[in-house]
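**Q** Kindly generate the corresponding structure for this input.
(one chain, ligands or ions: 1)
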Amino acid sequence: MKNKNSDPSRRKFLKQTSVAGIGTALTLGISPSLIAGGLDNSATPAILGGPLASNPAKWIKWPIWIPETDEKRVLEVLRSGIWSRASVVNEFEALWAKTNGAKRCLTVSNGTNALIVALNQLDIKGGDEVLVPPYTFISTVQAILMNGAMPVFVDIDPDTYQIDPAKMEAKITPRTKAILPVHILGMPADMPRIMAIAKKHNLVVIEDACQAPLTEVNNQKVGTIGNAGCFSFQNSKNIPIGEGGAIISNDIAFMDRCVSFQNLGLPFGTAVGTFNAGSVRIGTKVRLTEYQAAIGLAQIQRLDAQTTVREENAKYLKSKIENIPGIVPYKLYDCATRVSFHLFSFRYKQDAFKGLTRAAFLQALRAEGVPCSGGYNPLNTQEFIKEAFESKNYRRMYHKDMLDYKKYMENNQCPENDKLCTEAVWFTQNLLLGSKEDMDSIASAISKIYASADAIKKSLEK
Ligand SMILES: *Cc1c(COP(=O)(O)O)cnc(C)c1O
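**A** Sure, this is the predicted structure:
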């Protein structure tokens, strides 16, 4: 019979972790009485009837709203009757531009529309190809399609979860016009390399920073590195307003065009027309409202401190779990100087957990009182792109070879991403606002599941 402890990675793990539990103690041959409190069953996973590692009621609820400090501005706006965009929206935009070290900020109705407007005013249109990662929220890809352009998927680096610059140049064609890197989970994409590729091939760069407010690359805020940066203030995001979004940029003429475009094409700044003659361009209307801006101003007050706590907790939690075999936490590029950690993630290798599937692991982790999920499904294989290809507009804009969906699918395979989507485990950012003890409880929940993976597997298979 194979000795459990002969597995070197397992022995190393048992030596390095400080899990004080009967299960671990027994596998090491230590008498249970050596453990504080003598006979306890704290190492029995909750899913097998043991006590919970975490108190699920303790996790910080999101969004945070503090009536005493947060409601004054909102009530002022409500009572003023000035609800369409005016001075409070202007104030929010000025603050968000300054916070990021950007010359300008324009708010819009949401992050999706921030992307749509930015792509549109950088002239990304029918016939253009845009390089994009498959590991992102669906909006990133929808924004490309809404402008009639063609998403071209570049596989990710599974260690960092980000679009892989090493795989980019092979995807560039004469039709490529833009790169749309996403700072996914709030961790930065490899911007120095991406910008070098963009420069070499004369491409514009739109940063999807929806998950990454205050994230920095070499001490520069993401969203200010490419031609434009887009943010989301949707309720789950780090600046929750319900809905809301923003574009930031140092390009004044571009920002003036964006202001005009998101306001029915009416003239603005350098995007001038004849005075009182009406719109100067095609436009839509996706303006933020005054009460949304008032909520946003309250949320931004807390952002810096919250970001610091999330980053400290993420580092701490990573250090507590990275030696557990089968748990492979995120890696950051060296250029990352600050990280918003909209999500905390590691890859789960089921082989190290006796073949316990990720779904079963997530179930066991939730049973411990730790909310978690498996994250994204691959975007490059979803049917909505086929619908675009079959649309009247796409059939008129593209040669039919380019709309061969089967060929498109073959050319857009992303095997690293496919694998990541089966292995990722996510914790949402509000968990990272907890205490060190809360992080410890997550680590011990995972350790308990590791130590009893076999038993959990058998009980779930019954
Ligand atoms: C949330 C999000 C968006 C879209 O923002 P909404 O405000 O929900 O429209 C776009 N990209 C990424 C990566 C996001 O996380």
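**Q** interface residues of the stretch 151-300 of the chain facing the ligand?
**A** 182, 208, 210-211, 232, 234, 237, 245 (CB under 6 Å from any ligand atom). C-beta coordinates here come from the backbone N, C-alpha and C atoms, glycine included.
**Q** Narrow those residues to just the buried residues.
**A** 182, 208, 210-211, 232, 234, 237, 245 (16 or more other CB atoms under 10 Å).
**Q** can you redo those as JSON lines with secondary structure and pLDDT?
**A** Shown next, in JSON lines, are these (DSSP: H, G, I helix; E, B strand; the rest coil; pLDDT from 0 to 100):
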{"residue": "V182", "secondary structure": "strand", "pLDDT": "98"}
{"residue": "D208", "secondary structure": "strand", "pLDDT": "99"}
{"residue": "C210", "secondary structure": "coil", "pLDDT": "98"}
{"residue": "Q211", "secondary structure": "coil", "pLDDT": "98"}
{"residue": "S232", "secondary structure": "strand", "pLDDT": "98"}
{"residue": "Q234", "secondary structure": "strand", "pLDDT": "98"}
{"residue": "K237", "secondary structure": "coil", "pLDDT": "98"}
{"residue": "G245", "secondary structure": "strand", "pLDDT": "98"}
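**Q** picking up where we left off before, nearest to W96, of the residues of the stretch 151-300 of the chain next to the ligand?
**A** G245 (10.8 Å; CB to CB).
**Q** so where do the strands sit in the stretch 1-150 of the chain?
**A** Applying DSSP state E, counting those that start in this stretch to the stretch 1-150 of the chain gives strands spanning 104-108, 129-132, 150-153.
**Q** where does the protein have its least confident helix or strand?
**A** helix 22-28 (a mean of 37; mean pLDDT, DSSP states H and E).
**Q** residues contacting the residue in the stretch 51-200 of the chain that the ligand sits nearest to?
**A** Relative to the ligand, the nearest point of the stretch 51-200 of the chain is G111 (2.4 Å; CB to the nearest ligand atom). G111 sits next to 139, 208, 210, 230-234, 237, 245 when contact means CB atoms under 8 Å, 6 or more residues apart in numbering.
**Q** now do 7 Å
**A** 139, 210, 230-232, 234, 245 (CB atoms under 7 Å, 6 or more residues apart in numbering).
**Q** Among those, pick out the one closest to L332, please.
**A** Closest to L332, out of all of these and judged by CB to CB, is C210, at 18.6 Å.
**Q** you'd agree that closest one is up against F233?
**A** No - with contact defined as CB atoms under 7 Å, C210 does not reach F233; the gap is 9.0 Å.
**Q** how near is the residue in the stretch 351-462 of the chain positioned nearest to the ligand to T69?
**A** Per CB to the nearest ligand atom, Y376 is where the stretch 351-462 of the chain lies closest to the ligand, at 9.8 Å. Using CB to CB, to the nearest Å, Y376 is found at 35 Å from T69.
**Q** Neighbour count for those two, which is higher?
**A** Between Y376 and T69, counting by other CB atoms under 10 Å, Y376 is the more crowded of the two (19 against 11).
**Q** Surely the more buried one is in contact with Y135?
**A** Yes - in this structure Y376 lies within contact range of Y135 using CB under 7 Å: 5.9 Å.
**Q** Verify the contact between V339 and R310 for me.
**A** No - in this structure, V339 is not within contact of R310 by CB under 7 Å, at 8.1 Å.
**Q** for the residue nearest the centre of the chain, what are its contacts?
**A** For the chain, the residue sitting closest to the mean C-alpha position, by CA atoms, centre = their mean, is L185 at 2.8 Å. Counting by CB under 7 Å, 6+ apart, L185 makes contact with 161, 211, 342-343, 345.
**Q** and which of the residues you listed is nearest to G49?
**A** Nearest to G49 out of these is S345 (CB to CB; 28.9 Å).
**Q** Who are the contact partners of the closest one?
**A** S345 makes contact with 161, 185, 330, 375, 424-426 under the criterion CB under 7 Å, 6+ apart.
**Q** any idea of the angle the longest helix belonging to the chain forms with strand 104-108?
**A** In the chain, assigned by DSSP state H, the helix with the most residues is helix 290-321. If you take axes from the mean of the first three to the mean of the last three CA atoms, to 10 degrees, helix 290-321 sits at 100 degrees to strand 104-108.
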